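> need a structure here:
(2 chains)
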Amino acid sequence: MLSCRRRASLPAPGRYSGRIPEWHTETRTDIKTDINSNMWNMKQLEYGALARRANRIKDELRQGVRKPYKEVIDVFQGDLHGAGMKPLTFVRQVLAACVYPPLINSNNLPLDVRQRAQEELGRCVGGSVGSYSAAAGIPEIVHSISEFIKRRDGGIPSHPENIYISPGSQWSISNILNVLVNREASPRTGVLIPVPFYNKTVLSITQLGAVTVPYYLSEEQGWALQVDELQRALESAKGVCNPVALYVINPGNPAGYVQSQKSVQEVIRFAWEKRLFLLVDELYQDCVYGENCEFVSYKRTLSEMGPPFSGTVELASFHSVSKGFLGECGLRAGYVELVNLDPAVMKHIHTLSSKDSCTPILGQIALDLMTDPPKPGDPSYPLYKQEIEHIRAVLVHNVKRVHEVINSLPGFSCPPLEGGLFAFPRLNLTPKAIQKAKELGLQPDTFYCTRLLEEGGVFTGPGWEYGQKEGTYHIRFCIAAPQDVMEELLRRLSSFHMTFMKDFS
Amino acid sequence: MSQQAVNGISHRGRVLTLDSMNPNVKRVEYAVRGPIVQRAVQIEKELKEGVKKPFTEVIKANIGDAHAMGQKPITFFRQVLALCSYPALLEDSKFPEDVKKRAQRILEACGGHSIGAYSTSQGIECIRQDVARYIEKRDGGIPSNPDNIYLSTGASDAIVTILKLLVCGEGRDRTGVMISIPQYPLYSAALADLGAVQINYYLDEDNCWSLNIAELRRALNAAREHCNPRVLCIINPGNPTGQVQSRQCIEDVIRFAKEEHLFLMADEVYQDNVYAEGCQFHSFKKVLFEMGPEYSNTVEMASFHSTSKCYMGECGFRGGYMEVINLDPEVKAQLIKLVSVRLCPPVPGQALLDLVVNPPQPDEPSYATFMTERTAVLSTLAEKARLTEQIFNTVPGITCNPVQGAMYTFPCITLPQKAIDKAKELGLVPDMFYCMRLLEEDGICLVPGSGFGQREGTYHFRMTILPPTDKLKVVLQKIREFHLRFTQEFS
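As a prediction, the model looks like this:
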């Protein structure tokens, strides 16, 4: 029987915060488990329990069980549609016509929708979204993406052969990590990761048998990335692992920080000096709110820095249809642009992606619509523009309100949200609350989130899941929800928070 | 930044090189989309640019992609999916009531009523329930627990996930995985990528590619010398061979797996593609349970299915699932963790799967059209399977086993020694040489048998039976002529 016999001293779920468990890991050769031991090294996700509880509460509400709230406000993930935001009409009309081509002859759909659907189908083998595409993606769509990148980056060329479409950005990230991480290497491969981080990527890193090397973003400076801290992190890796890559999220997740061009340049210079492969998650590039904030891509900055950087620093930039204005998480499509990679290695990356068949065609089409949207003069443009502006307005409003409300509550604070889709406010929990959490065998912020879910009907993520300095506590929640939902969320959160703080004063 | 850093480094040296990269990735090959296909794509480009060739199009009979070859999608599925994509169409009277009902049910199960929302990593619960019910119905009432169902991005995703979980150990303890020769090269690619030990067991070409327990035992015992065999993979109906396992054979395999303490992986994506008389699909799950609690309570197994094959052919949606049996609850918890890394399977694929396991019922408006379309696809495939076997067997030097199921033929080709020598000269495997020539001369793209594995000294190619019947007849004719020409040239 396939089994998981654990070592007695395996850390209990949620024991770590402020440092990543596998960073100071003991060697695991004495674990007698029949399954891949990297599975155990993947940090225990207590949200599994929280998510299950959230689902159970949703079921109970559906069955009519009385609770202090009528529905659960689920802002746990960066899921726009899940939180009630609407898909873009143009995108969905084109997809529907691609799925059921008789709609192309329907007068109920705008002309540009029908023409676009016809174009997309013309690129599909056999004219069907049900056939496989080339492994790297439908060539015309890959080309579209390269043109989008070029436009975005002020004309700096982007080569289609360096672009790979994948079922979501995490798929791509784990493929690139798979190539980077040499499991047989000694010392083990290390990857620098920000704290706080996006937990899925860190799970990937651990699952592949690499070591995470945390660098702490500066909460006091709105979660800024500081090169000194990168330096410190790198030093701490000496003798423990061989760091080969630097993982950056810009704009941040969960930390809503947007790097200035200067900051990006500093990181690139650091990566160049220290011989690190740059993995840059840029999923939130359309989510920038801060005044004087602007998204500037790593690719553009690298190119503009000129030699020796521009021709040598190896860079993988990731984007997807899941965030931004499309919010099409469920379609699973993203891409990576690879810069300065060894051509021999690129060949292997190509073979690796070919065994995965291809990205879902509907997702690829959504990518095309994202990178080549309606233009002024197109029949769909006015509505498209209106919808984009509405989403933007909602996000900007939410970001202000969240900042206002959180900072008005005692024991709760957060810096201005400059970008991204999450708030990551800091909880100043009392010793009493912390004690109670310990008694229950929970991380203090998990305890807070559990109570918030049960009593307030708001589903958020505990800070320890995303990493934080030891002794600090946070919660993470998505700020992309319709304004009325956000107001209700803030009302419930405030009410719960006051009660909680009072109970544990 | 130090001056030295600016001046001193004329050549920083890449971080990621052939030497520093994961050595396993270098061993990965996937013939179905390999070098011959890359050449085919190149030729297509040349044709587009007006280069003159002895043919006007490249026929890609290399990949099991039905729609690419002109097979039509099932109307009901596409209608429901269109409504799911753009729910405003629910007001459109042109769509039948049952289509609307299905779409509404699916949308209700989605976050924010949108197929753009994430689902749970295991897949939408009501869809897993529907899958479980489908399995129960298919297997004569043997219960299926939705908690044991994991939706996935095509069956390939689930197969690789299970392998990731199972492959561990170092050196002589490294996990060994038994796979048929010939096999679908996803398996060899995944095993190479994971650094697992591939244990080959040969199917019996002289007996219609049947599986032989004695051969399984031989392979296993030999493998025990250098690895820790833990997994046995079966593809039924087979790919590339198309053989459909008899019930007796499946029982024997299950017995063998229990005796030898092996985890069974049953790849059943072609379960509706059964053509030969006297052949029937028996699911491993069903046979396992019919063998009684001694087996059904102990043998650990995962069965895989997908929306890419059968009569649907919806490869581009990447829909699929696996059902796991007798997995330790703690191992299942690890499995959840693993699938959560990629968040969730594509929701349109999940929706499509729901329709596949829950097709129109006789009393529903879409039923008649659905049945007509489904029957047409499967009967056409059966006819093409027969035709292919028949025509290939008229060619001296080509022997073709009956295509009992799936979508491919894997005939044995006799190559003259001179051709084999020429291939060696060119640094090519003989069947690759043969297939490349066929591609260049006739514009037909097949996959050489070496991409799937074959007995030493034998050569094959895999061709799909998917081109429309008329085109298939032409293809078969051309291959016949090519083979005779080729044999003549190298005689």
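
> which residues of chain A fall in strands?
Assigned by DSSP state E, the strands in chain A fall at A:73-74, A:163-166, A:189-195, A:211-216, A:242-249, A:277-281, A:315-320, A:334-339, A:412-413, A:422-423, A:426-427, A:458-459, A:461-462, A:473-478.

> Which of these sits closest to chain B?
strand A:277-281 (4.5 Å; C-beta to the nearest C-beta). For every residue, glycine as well, the C-beta is placed using N, CA and C.

> Need the residues that contact the closest one.
A:169, A:173, A:176-177, A:180, A:191, A:198, A:201, A:244-250, A:253, A:267-268, A:271, A:298, A:313-318, B:15-16 (C-beta atoms under 8 Å, 6 or more residues apart in numbering or on different chains).

> can you pull out the strands in chain B?
Counting by DSSP E, chain B has these strands, from start to end: B:59-60, B:149-153, B:175-181, B:197-202, B:228-235, B:263-267, B:301-306, B:319-325, B:398-399, B:408-409, B:412-413, B:444-445, B:447-448, B:459-464.

> Could you export those as JSON lines, including mean neighbour count?
Below are the strands of chain B laid out as JSON lines (neighbours: other C-beta atoms under 10 Å in any protein chain shown):
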{"stretch": "strand B:59-60", "mean neighbour count": "22"}
{"stretch": "strand B:149-153", "mean neighbour count": "28"}
{"stretch": "strand B:175-181", "mean neighbour count": "24"}
{"stretch": "strand B:197-202", "mean neighbour count": "20"}
{"stretch": "strand B:228-235", "mean neighbour count": "24"}
{"stretch": "strand B:263-267", "mean neighbour count": "26"}
{"stretch": "strand B:301-306", "mean neighbour count": "27"}
{"stretch": "strand B:319-325", "mean neighbour count": "26"}
{"stretch": "strand B:398-399", "mean neighbour count": "18"}
{"stretch": "strand B:408-409", "mean neighbour count": "28"}
{"stretch": "strand B:412-413", "mean neighbour count": "22"}
{"stretch": "strand B:444-445", "mean neighbour count": "25"}
{"stretch": "strand B:447-448", "mean neighbour count": "28"}
{"stretch": "strand B:459-464", "mean neighbour count": "28"}
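
> now these as TSV including distance to chain A and mean pLDDT?
As requested, the strands of chain B are arranged in TSV below (distance: least, C-beta to the nearest C-beta, whole Å; pLDDT from 0 to 100):
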stretch	distance to chain A	mean pLDDT
strand B:59-60	8	96
strand B:149-153	5	98
strand B:175-181	9	97
strand B:197-202	14	98
strand B:228-235	8	97
strand B:263-267	7	98
strand B:301-306	10	98
strand B:319-325	9	98
strand B:398-399	28	97
strand B:408-409	15	97
strand B:412-413	25	98
strand B:444-445	13	97
strand B:447-448	13	96
strand B:459-464	12	98
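
> can you put the ones you listed in CSV and add distance to B:Gly242?
CSV is the format used below for the strands of chain B (distance: least, C-beta to C-beta, whole Å):
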stretch, distance to B:Gly242
strand B:59-60, 19
strand B:149-153, 24
strand B:175-181, 12
strand B:197-202, 16
strand B:228-235, 10
strand B:263-267, 13
strand B:301-306, 17
strand B:319-325, 20
strand B:398-399, 14
strand B:408-409, 6
strand B:412-413, 14
strand B:444-445, 19
strand B:447-448, 14
strand B:459-464, 10
